[in-house]
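>>> Next come a sequence and a model predicted from it.
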Amino acid sequence: QDQQSDVAEAPPEGGIPPEMVKMAALDQERGLRLKTENATPGYILFSSLTSSDVYLIDLDGKVVHEWKTNFGLGSHYLMEDGRLYVHSRDPEAVVFSGGGMAGRVQEFSWDGELLWEYKLANQDNLMHHDFAVMPNGNILLIVWESKTPEEAMAAGRMPHLIPKAGVWPDKIIEVKPTKPSGGEIVWEWYAWDHMIQDVNPDLPNYGKLSDHPERININNGDTIRQPDPEEFERGKAQGQYAANATIDNMGSDMFHTNAIDYNPELDQIVLSIPDFSEIWIIDHSTTTEEASGSTGGKSGKGGDLLYRWGNPQEYNRGDTTDQYLGFEHDVRWILPGYPGEGDLTIFNNNFKDADGETHSQVTQITPPMDADGKYIIPESGPIGPEKPTWTYTANNEGDYLAMFISSAHRMKNGHTLMNFGPQGRLQEITEDGEVVWDYWSPYIGQWKLPDGTPPQPVGPFMYAIFRATHIPVDHPAVAGKELQPIDPQPATQKPPM
Ligand SMILES: O=[N+]([O-])c1ccc(OS(=O)(=O)O)cc1
């Protein structure tokens with residue numbers, strides 16, 4: 001939410017300032033804008049970030065199926081048999097705070113029956129941002145945990161980086177569902193077990209960052225800056241801060257991990273760490289015990305990072321010119337059989353071009369591997385690749401800068417579906433970057449927390465979408481179904497301006 005509070009001005013009495021209206025695309029005509037014959041037959045799955053409804057629309061922009069849930073939503077994944085998993089914003093989430101707050105994962109049948117749910121929203125933990133459904137039906141979750149200022153200090157984090165509320169590193173848990181609710185945690189990985197610091201030689205995790213790219217610098221981040229109380233109250237009133245935000249927990253969220261994907265062929269997990277402007281890959285073939293250390297698993301490296309990319313300054317190699325990612329989102333492996341299979345796609349929200357101008361970009365990279373399938377980590381210098389394999393860069397004129405949220409994924413025919421999240425704009429592009437389908441969501445979510453505030457700190461970004469997924473016509477969940485526009489179509493709202 002820092003990104004947002006940097007740009008948002010106080011709305012004057014009775015309206016949203018013109019520059020915000022532009023940035024949030026509130027002045028744009030909504031609905032379908034472009035559908036060419038090259039648009040890929042199928043449907044698009046998405047929801048507004050402030051809504052509890054998930055829509056499946058056809059290429060004409062008509063809703064052909066909807067799931068009504070009871071909470072505000074983030075990510076969602078459609079299974080081959082038509083079941084839908086969603087990340088839900090639990091209204092009882094306490095302590096933790098930030099864009100992407102969730103607290104529950106829920107499973108619905110195609111017809112909208114709640115089949116299973118798992119809640120993790122308490123004093124000690126809050127699941128947030130994203131999850132992954134594994135082929136065996138287990139669910140990988142990104143979870144904040146809480147460390148007191150004393151614990152952070154003892155682990156080597158410097159005092160100027162420790163908010164009064166302490167810090168919230170992430171852990172990844174794998175939950176084996178038990179129907180109809182709850183589950184058993186069968187695997188865990190804690191970022192906190194893999195930290196390094198180069199400040200205090202008396203602590204066991206002392207080391208030279210550039211010698212240990214497999215470790216995470218515990219002193220990442222900027223000096224904690226508390227907003228002045230008036231500024232903070234104004235931001236709150238404008239909806240720029242998430243629930244539970246206090247002056248004392250600004251900066252507690254160390255990583256803001258906002259995407260997770262699982263690769264069953266490699267038995268690895270990829271994470272997007274926007275506060276580092278990096279993506280990290282970890283081994284999942286370890287036991288929980290091995291995941292806490294540096295040995296074991298297929299890689300032999302336990303839970304240490306197997307691979308990282310995007311900003312080598314985080315391990316003290318290279319300089320600003322070697323930073324490629326900027327507060328990125330939605331890292332995913334390209335699926336087997338798809339053009340670019342095995343590569344990673346990333347929505348690089350704030351890519352700085354050679355002129356220093358910031359654009360949003362979809363970035364596809366090919367992580368370098370040796371003949372044994374091990375990532376190539378050089379003795380010195382940035383971890384490769386030096387350049388992406390493919391990119392699409394928004395031009396900031398017809399295209400928008402999408403500073404936060406957003407998503408992108410490769411399709412089977414080599415096209416890419418993009419979601420410019422803050423503006424709620426979805427586009428399909430070809431490999432050559434030709435736009436073949438362009439849709440501007442007309443839906444402003446109406447789901448509210450018990451205190452009447454929206455579930456996420458979208459501020460003026462009323463059409464915001466966290467994730468969108470293209471569902472091809474031959475996807476088993478929709479194949480053979482006669483999907484027609486529902487009647488009536490869901491209600492749309494105009495932004496209050
Ligand atoms: O405003 N939101 O709704 C919001 C903001 C930030 C956020 O985190 S991010 O990493 O996905 O940008 C999630 C939701």
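Received, thanks.
>>> Tell me the secondary structure at Phe466.
Assigned by DSSP: H, G, I helix; E, B strand; the rest coil, the conformation of Phe466 is strand.
>>> for the protein, which spans come out with low pLDDT?
Confidence mapping of the chain against pLDDT under 70 gives the ranges 1-14.
>>> can we see that at 50?
Applying pLDDT under 50 to the chain flags the ranges 1-11.
>>> Identify the spatial nearest neighbour of the one residue in the stretch 151-300 of the chain that gets nearest to the ligand, chain neighbours not counted.
The minimum distance from the stretch 151-300 of the chain to the ligand, using CB to the nearest ligand atom, falls at Asn258 (3.7 Å). The way it works is simple: take the backbone N, C-alpha and C, and place the C-beta from them, glycine included. In space, and not counting its chain neighbours, Asn258 is closest to His129: 4.4 Å by CB to CB, 6 or more residues apart in numbering.
>>> quick one: Val436 and Asn38 touch, right?
Yes. Shown here, Val436 and Asn38 form a contact pair, counting by CB atoms under 8 Å, at 4.2 Å.
>>> more neighbours, those two?
Neighbours were counted for Val436 and for Asn38 using other CB atoms under 10 Å; Val436 has more, 17 against 14.
>>> ok but that one is inside a strand, no?
Yes. Assignment of Val436 by three-state DSSP places it within a strand.
>>> tell me the contacts of it?
For Val436, the contact set (CB atoms under 8 Å, 6 or more residues apart in numbering) comprises 34-36, 38-40, 415, 428-430.
>>> gap between the residue found closest to Pro378 once you drop the neighbours it is linked to in the chain and Ile346?
In space, and not counting its chain neighbours, Pro378 is closest to Gly384: 7.5 Å by CB to CB, 6+ apart. From Gly384 over to Ile346 the distance is 15 Å, taken as CB to CB, to the nearest Å.
>>> More neighbours: these two, which one.
Shown here are Gly384 and Ile346; by other CB under 10 Å, Ile346 has more neighbours (27 against 16).
>>> Export the strand or helix carrying that one to PDB, keeping only CA atoms.
Per DSSP states H and E: Ile346 is located in strand 344-352. Below are the C-alpha coordinates for strand 344-352, written out as PDB (Å, rounded to 0.1, in the frame of the first residue of the first chain):
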ATOM      1  CA  LEU A 344       8.700 -18.100 -15.900                       C
ATOM      2  CA  THR A 345       6.400 -15.200 -16.700                       C
ATOM      3  CA  ILE A 346       6.300 -12.200 -14.300                       C
ATOM      4  CA  PHE A 347       4.100  -9.100 -14.300                       C
ATOM      5  CA  ASN A 348       6.900  -6.600 -13.700                       C
ATOM      6  CA  ASN A 349       4.800  -3.600 -12.500                       C
ATOM      7  CA  ASN A 350       7.500  -1.000 -12.400                       C
ATOM      8  CA  PHE A 351      10.100  -1.700 -15.000                       C
ATOM      9  CA  LYS A 352      12.600   1.100 -15.500                       C
END
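>>> chain center to it, what's the gap?
Centroid displacement of strand 344-352 relative to its chain, using CA atoms, centre = their mean, to the nearest Å, is 12 Å.
>>> go on, stretch 27-46?
That offset, for stretch 27-46, works out to 23 Å (CA atoms, centre = their mean).
>>> Could I get the buried residue list for it?
Judged by neighbour count using 16 or more other CB atoms under 10 Å, the buried positions of stretch 27-46 are 28, 30, 32, 35, 39-40, 42-46.
>>> For the residue of the stretch 101-250 of the chain at minimum distance from the ligand, give me the backbone phi and psi.
Across the stretch 101-250 of the chain, the shortest distance to the ligand (CB to the nearest ligand atom) belongs to His129, at 6.1 Å. As for His129, its main-chain torsions (degrees, to the nearest 10) stand at phi 70, psi -50.
>>> how near is it to Met101?
8 Å.
>>> try His359
From His359 across to Met101, the span is 28 Å (CB to CB).
>>> Between the two, point out the one with more neighbours.
Taking other CB under 10 Å, His359 and Met101 do not tie; Met101 has more neighbours (25 against 21).
>>> The more buried one contacts Leu126, doesn't it?
Yes. Between Met101 and Leu126 there is a contact at 6.5 Å, judged by CB under 8 Å.
>>> what residues do the two have in common as contacts?
Jointly contacting Met101 and Leu126 under the rule CB under 8 Å, 6+ apart are Ala93.
>>> for this structure, what spans make up the helices?
Shown for the chain, the helices assigned by DSSP state H span residues 2-7, 18-23, 149-154, 229-237, 288-291.
>>> Going by contacts, tell me the helices and strands next to the shortest one.
Right, helix 288-291. Using 3 or more CB pairs under 8 Å, 6 or more residues apart in numbering; DSSP states H and E, the elements in contact with helix 288-291 are strand 183-190.
>>> at 10 Å what do you get?
strand 170-177, strand 183-190, strand 278-283 (3 or more CB pairs under 10 Å, 6 or more residues apart in numbering; DSSP states H and E).
>>> any idea which of these is most buried?
Comparing those by mean neighbour count (mean count of other CB atoms under 10 Å), strand 278-283 ranks first with a mean of 24.
>>> That strand near the ligand anywhere?
No. Against the ligand, strand 278-283 shows no contacts by CB under 6 Å from any ligand atom, the least distance being 13.3 Å.
>>> which neighbours does that strand have in its sheet, and in what orientation?
Strand pairing for strand 278-283, using DSSP bridges, gives strand 268-273 (antiparallel), strand 307-309 (antiparallel).
>>> and the angle from the first one to strand 183-190?
By that I understand strand 268-273. Here strand 268-273 runs at an angle of 70 degrees relative to strand 183-190 (axes from the mean of the first three to the mean of the last three CA atoms, to 10 degrees).
>>> I'd like the helices of the chain laid out as a markdown table, including distance to Asp487 and mean neighbour count.
Formatted as a markdown table, the helices of the chain follow (distance: least, CB to CB, whole Å; neighbours: other CB atoms under 10 Å):
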| stretch | distance to Asp487 | mean neighbour count |
| --- | --- | --- |
| helix 2-7 | 37 | 17 |
| helix 18-23 | 32 | 16 |
| helix 149-154 | 55 | 15 |
| helix 229-237 | 39 | 14 |
| helix 288-291 | 51 | 17 |
